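S.K.: The following comprises the amino acid sequence and a computationally predicted model.
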Amino acid sequence: MTIEPNYQLPQQLSTGAAEVDDLYMFVYWFSVIFTAIIVGVMLYSIVKFRRRPGVKAAPVGHNLKLEVAWTVIPLFFIVFLFHYGFKVYVHNAVAQEGALEIRVRAQKWRWEFEYPTGMRVNSEVKIPVNKPVKFVISSEDVLHSFFVPGARAKKDAVPGMYSNVWFTPNTKGPMQVFCAEYCGTSHSGMLATINVVDDAEFQKFLKEGEGPEPGEDPVAWGKRLYTKNACNTCHSIDGSKSPGPTWKGIWGRPESFVDGSTGKVDENYVRESILKPQAKIVSTFVTTQMPPYTISDKQIDAIIAYMKTL
Amino acid sequence: MGAVSTTAPARSHEGTPDPNENYLKATRGIASWLFTLDHKRIGIMYLVLVLIAFGLGGTFALLVRLELFTRGKTLMDADMYNRMFTLHGVVMVFLFIIPSIPAALGNFILPIQLGAKDVAFPRLNLMSLYIYAFGACFAVYSMVDGAVDTGWTFYTPYSTSTNSAVIPMVLGAFIMGFSSILTGVNFLVTVHKLRAPGQTWTRLSLFTWALYATSIIQVLATPVLAITLLLLTMERFLGLGIFDPKLGGDPVLFQHFFWFYSHPAVYIMIVPGMGIVNELLSTFSRRAIVGYMFVAMSSLGLALLGFLVWGHHLFVSGMSEYATMVFSALTFLVAIPSGVKVFNWVATLWKGSIRLDSPMLYALSFIFLFTIGGLTGLFLGVLAIDVHLHDTYFVVAHFHYVMVGGTVMGFVGGLHYWWPKITGKLYNEKMAKFAWFFVFIGFNVTFIAQFIMGSRGMPRRYYDYLPEYESFHRISTMGSWLLAFGFLTMALMFVQSLRNGKKSSRNPWGSAALEWQTATPPPLANFVKVPTITRGPYDYHLATEEELSET
Amino acid sequence: MSAEASSAVADDAHGDHGHDDHGHDHPKFLAHHFDTPIQQFESAKLGMWTFLVQELLFFSGLFVAYGVFRSWYPEAFSGASHELNKVMGAGNTIVLLFSSWTAAMAVRATQLGQKKQTSLFLLVTIACAFIFLGVKYFEYGAKFHEGLLPGKYFGHAFTAAGIFPESTFPTNLEPSEHLPAHASSYFSLYFMMTGVHALHIIVGIGVLIWIWRRNESGEFSKEYFTPVDIAALYWHLVDLVWIYLFPLLYLID
């Protein structure tokens, strides 16, 4: 069962989320009451003390006690708030012992996850429910940020540095991942999903790796991979302009490349372009921003099958 | 016939302008404006430029919101959208809001409120104006040359690797920074050295105190931005390697450098607005501001504390936990001086004699909207909450509440208030209230929706979004139309006032402040006779009936 | 407080505008928005000091960057600093210190009403500035030939033909024969810091020449030496910045 605390906040999908939400709601209600008092006094004043002929404003004296009071009392409040906030932060900041470590590599414009076994997947990562997971994050190019609203977790992905964020998911099902640091054209397309499953399914997945859904034919799987591996952030399928060559009519298409050579889009070309995009750059695209992918041959076959239908 | 005068007001010898003449009429011709040394004319020229900038930045905003009205492509592709929000930010921050109150209104009013003839360095003042315009040209050139798509914050390595016209834009901001610094130097010296006899520090207007505090920030913070932008330019141009990890540099170092200026910068933006609120509240409550010294000192307090909190923009950047803790604690402290002001303002209203003229509506809006903006800053100062809210629309709503709900309300309120003083004319009060209504409602509709979608996880600087955020985006966009309508009505109102507005009396608002004791519009030398100050600007119990007369 | 006192005096002395009946008119050098010469002088001084504080903060960004990188790559910094010529650096330091003295002497000469001496001291100051720049030209030239250049040009020696041949260093992150890894960061900062400083010297030369010309045309006197004073203040700052740059860049070990 998922709990949506209120209209302002997303579902609490990790064990640490409730604490953060309580803190948020505390500050929220304080703010509401404070604002209501200020506005109340203001509205009252502009009615009660509106300008009337012959009535002067009251003289302004010195009220040191009042001035000190409303300087010092907020000071106490913020000390309390800082302390409360800091406790929750520290609690959520240090990863638990024995957390499952998942390596996250951010690149324009996809998220790649690597399991402890060395298996790498794109855009969708499976983790077991009720077990702490620590994401070790870095970027291959510019700044990105790994944001999981359901866990109230966020950390920047910085090139040349490792950062980490951890939480314990408490609900089976998908958790949305956003990129939260502007990174160019498809910043808003750099999405991922964390699939929280029970431990047995997770272990099975670790052993067997990624494959098509039961009953899914290669073309359908390839179509799903087109989105899952974030090919869609750079390659259109309807012929419209995109940062990379469109896949519409791609199969068998003759291409000329930046180094002056020419070729045809066949199985070898597709495989090379996915694993080593720098090797052949279509001349109208001068430079490439495509990251190299580490995906299985089965996945490449499925993508090829899909391409053939476009 | 007056030869074109290029010096500050002289005594009325043959051929020089009469210092007692209305400053608008004392000299004529375009050269008398372009080469003027009169702070009032310089202020007006700044006003024209910042209003153009506001219109431009506002247009970018409307386009951004229009694109976000539907999911996917509405009007433009992602690359164009990224340029739109970047330009909105750059134009609004560097071309509009930083100069707005100090350079436009401050230039006009500060010397008069001090009882001085001009600022300390009139030629430097004119140079500041031209430096600003020159820098703005670089920014415009960049826009025409493919514009920039980095966000106004220019984070590396994206800004050092993207193909857009980063260098001219960054150089434009660099140049405009010098304008800001020189204005700060000018105002600081003016307040110290050019006060009229009897104008003690405790008889200064709170707007003066605010400009003084702002000038300190401008002088100390802007050079750090300058060196940051210079380093960024060299990083792009020479591959310097300070910020690029591939060359041994650190991208987070850029963030530290950038925010070391840009956080104090937001106090450059808000403190003058707060200064104006004091003027408006006092005049329209016919009462001295409660807690004068506390309010004056709180401006200085904000200036100081503003330098200590830049790290709160970097909580999730990979900074050490220790650093995040220190910055969070300091960030909370900065709430105290702001709170002091709000409490004193409300206390001023209590038992005042209040009239809800249009400038007052803006002052009251400021208090309400700034309170919300400031409180939402508390959310962001709490580490655990900021982790969730950072880089979401919650932050966007927060800073729009303080910068638009705060500074712009203050600027617009001041513009309404001092409009008769500057132009000698009145504007249509009914139209002003009508415009205010749409500005106020439109603003809240636009940005409350953004608080909610932000806390629900909607990230910022997003061209496209998930379906669950669509209704929020639509509401926000429609709010922006109401807001735009309000501003357009206001613009029309001011144009009509210039064309055939009623002539204003010397003191249409019945204020006790010094600027209203001289002619409206003021003479070239500001005062026919250098005043000797015997009371403060808010001392309604000491002002004579003649001084307060509105006819 | 002097401003107020002098303003009060001014109020009496000048009264309304119109022809002054007081014998002591507004001196020609007194700008019309000021009431007394002392007010104008103090304003100019305060203004220049404020501007100098701002200059300090401008350079401080570079010093902070220096501090950060030196703490990360201490061997690179001490190793790379050996590439600089200490003799030339020390020579330049003495030249600038001397020029600060001549600048101060120029102010003193103006205060004593000695127009010729003022010009002489100003010209010597300017000459020192040119010597400084000349030495820097040779230093930079040496770096260019050795490929010790900022940023992406590091390792590419600049030849007389104006081209950058293949890099003489593997990459700028790895050590070469005689330089430790990350030496390029040192040189990036070296060029930024000395380059920005040199720009300030050039601006200073322009300002000093302008002041010299104004002195030649008889504008300054015992009563009015403000521009010389504040120009000299600026020059002292430029010298001060170099006093810090020299040990930090040249004398790391």
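M.R.: Cool, got the structure.
S.K.: quick check, the helix ranked longest in chain C touching chain B?
M.R.: With secondary structure taken from DSSP state H, chain C has its longest helix at helix C:37-72. Yes: contact of helix C:37-72 with chain B (Cβ under 8 Å from any Cβ of the partner chain) involves C:39, C:42-43, C:46-47, C:50-51, C:53-55, C:57-62, C:64-65, C:68-69. Where C-beta positions appear, they are placed from N, C-alpha and C, glycine not excepted.
S.K.: Report the mean per-residue pLDDT for that helix.
M.R.: For helix C:37-72, mean pLDDT is 96.
S.K.: Flag every buried residue along it.
M.R.: Under the neighbour-count criterion of 16 or more other Cβ atoms under 10 Å in any protein chain shown, helix C:37-72 has C:37, C:39-55, C:57-59, C:61-66, C:68-70 buried.
S.K.: So which elements touch the one helix or strand B:Ser142 maps to?
M.R.: Per DSSP states H and E: B:Ser142 is located in helix B:122-144. If you count contacts as 3 or more Cβ pairs under 8 Å, 6 or more residues apart in numbering or on different chains; DSSP states H and E, helix B:122-144 packs onto helix B:39-67, helix B:166-193.
S.K.: Over stretch B:197-204, what's the mean pLDDT, rounded is fine.
M.R.: 96.
S.K.: List the contacts of the residue in the stretch 51-200 of chain B that chain A sits nearest to.
M.R.: Of all residues in the stretch 51-200 of chain B, B:Tyr158 sits closest to chain A, at 4.2 Å by Cβ to the nearest Cβ. Neighbouring residues of B:Tyr158 by Cβ atoms under 8 Å, 6 or more residues apart in numbering or on different chains: A:Val142, A:Leu143, A:Tyr182, A:Cys183, A:Gly184, B:Thr150.
S.K.: so how far is B:Thr150 from the first one?
M.R.: Spelled out, that is A:Val142. Look at A:Val142 and B:Thr150: by Cβ to Cβ, to the nearest Å, they are 10 Å apart.
S.K.: do the fourth one as well
M.R.: Here A:Cys183 is placed at a distance of 10 Å from B:Thr150 (Cβ to Cβ).
S.K.: And the third one, by the same measure?
M.R.: Separation of A:Tyr182 from B:Thr150 (Cβ to Cβ) stands at 8 Å.
S.K.: Over to the fifth one?
M.R.: Taking Cβ to Cβ as the measure, A:Gly184 falls 9 Å from B:Thr150.
S.K.: more neighbours, the two?
M.R.: Between A:Gly184 and B:Thr150, counted using other Cβ atoms under 10 Å in any protein chain shown, the more crowded position is B:Thr150 (26 against 21).
S.K.: Against chain C, how distant is that one?
M.R.: 19 Å (Cβ to the nearest Cβ, to the nearest Å).
S.K.: List the residues that contact the closest residue to that residue other than its chain neighbours.
M.R.: Leaving aside its chain neighbours, B:Thr150 sits nearest to B:Ser159 (4.3 Å; criterion: Cβ to Cβ, 6 or more residues apart in numbering or on different chains). Residues in contact with B:Ser159 (Cβ under 8 Å, 6+ apart) are B:Thr150, B:Val166, B:Leu232, B:Arg236.
S.K.: Tell me, how many residues neighbour the second one?
M.R.: Translated: B:Val166. 25.
S.K.: returning to that earlier point: point out the least confident one among the contacts of B:Ser159.
M.R.: Pick the lowest pLDDT in the contacts of B:Ser159 and you get B:Arg236, at 91.
S.K.: Give me the neighbour count for that residue.
M.R.: B:Arg236 has 20 nearby residues by other Cβ under 10 Å.
S.K.: pretty sure it is touching B:Val166, no?
M.R.: Yes: counting by Cβ atoms under 8 Å, B:Arg236 touches B:Val166, with 6.1 Å between them.
S.K.: shared neighbours of the two, anything?
M.R.: Common neighbours of B:Arg236 and B:Val166 (Cβ under 8 Å, 6+ apart) are B:Ser159, B:Thr160.
S.K.: who's in contact with the residue in the stretch 1-150 of chain C that chain A sits nearest to?
M.R.: Closest contact between the stretch 1-150 of chain C and chain A, by Cβ to the nearest Cβ, is at C:Trp72 (11.8 Å). Counting by Cβ under 8 Å, 6+ apart, C:Trp72 touches C:His182.
S.K.: switch to 7 Å and redo it
M.R.: By Cβ atoms under 7 Å, 6 or more residues apart in numbering or on different chains, no residues touch C:Trp72.
S.K.: Pull up the overlap in contacts between A:Gly184 and B:Thr150.
M.R.: With Cβ under 7 Å, 6+ apart, A:Gly184 and B:Thr150 have common neighbours B:Tyr158, B:Thr162.
S.K.: Secondary structure class of the spatially closest residue to A:Val197 that is not a sequence neighbour, three-state.
M.R.: Residue nearest to A:Val197 in three dimensions, not counting chain neighbours: A:Lys126, with 5.5 Å by Cβ to Cβ, 6+ apart. Following DSSP: H, G, I helix; E, B strand; the rest coil, A:Lys126 is assigned to strand.
S.K.: Make sure A:Lys126 is actually in contact with A:Phe202.
M.R.: Yes: using Cβ atoms under 7 Å, A:Lys126 makes contact with A:Phe202 at a distance of 5.8 Å.
S.K.: quick one, what contacts the residue in chain A that chain C sits nearest to?
M.R.: Nearest residue of chain A to chain C (Cβ to the nearest Cβ) works out as A:Gly160 at 10.8 Å. By Cβ under 7 Å, 6+ apart, the residues touching A:Gly160 are B:Pro245.
S.K.: Am I right that A:Phe113 is in a strand?
M.R.: Yes: counting by three-state DSSP, A:Phe113 is part of a strand.
S.K.: so it sits right up against A:Val125, yeah?
M.R.: Yes: with contact defined as Cβ under 7 Å, A:Phe113 reaches A:Val125; the gap is 4.0 Å.
S.K.: For those two, list the residues in contact with both.
M.R.: A:Ile102.
S.K.: Quickly note the distance from the residue of the stretch 51-200 of chain B closest to chain A to A:Leu191.
M.R.: On the measure of Cβ to Cβ, B:Tyr158 and A:Leu191 end up 19 Å apart.
S.K.: Repeat that for B:Ala53.
M.R.: For B:Ala53, the distance to A:Leu191 - Cβ to Cβ - is 36 Å.
S.K.: quick one, what contacts C:Phe98?
M.R.: C:Cys128.
S.K.: what's it sitting at in phi/psi?
M.R.: Backbone torsions for C:Phe98, taken as degrees, to the nearest 10, come to phi -60, psi -40.
S.K.: What of A:Arg110?
M.R.: Per degrees, to the nearest 10, the backbone of A:Arg110 is at phi -150, psi 160.
S.K.: go on, A:Gly184?
M.R.: Torsion angles, degrees, to the nearest 10, at A:Gly184: phi 110, psi -160.
S.K.: is it true that it touches A:Asp141?
M.R.: No: using Cβ under 7 Å, A:Gly184 is not in contact with A:Asp141; the gap is 9.1 Å.
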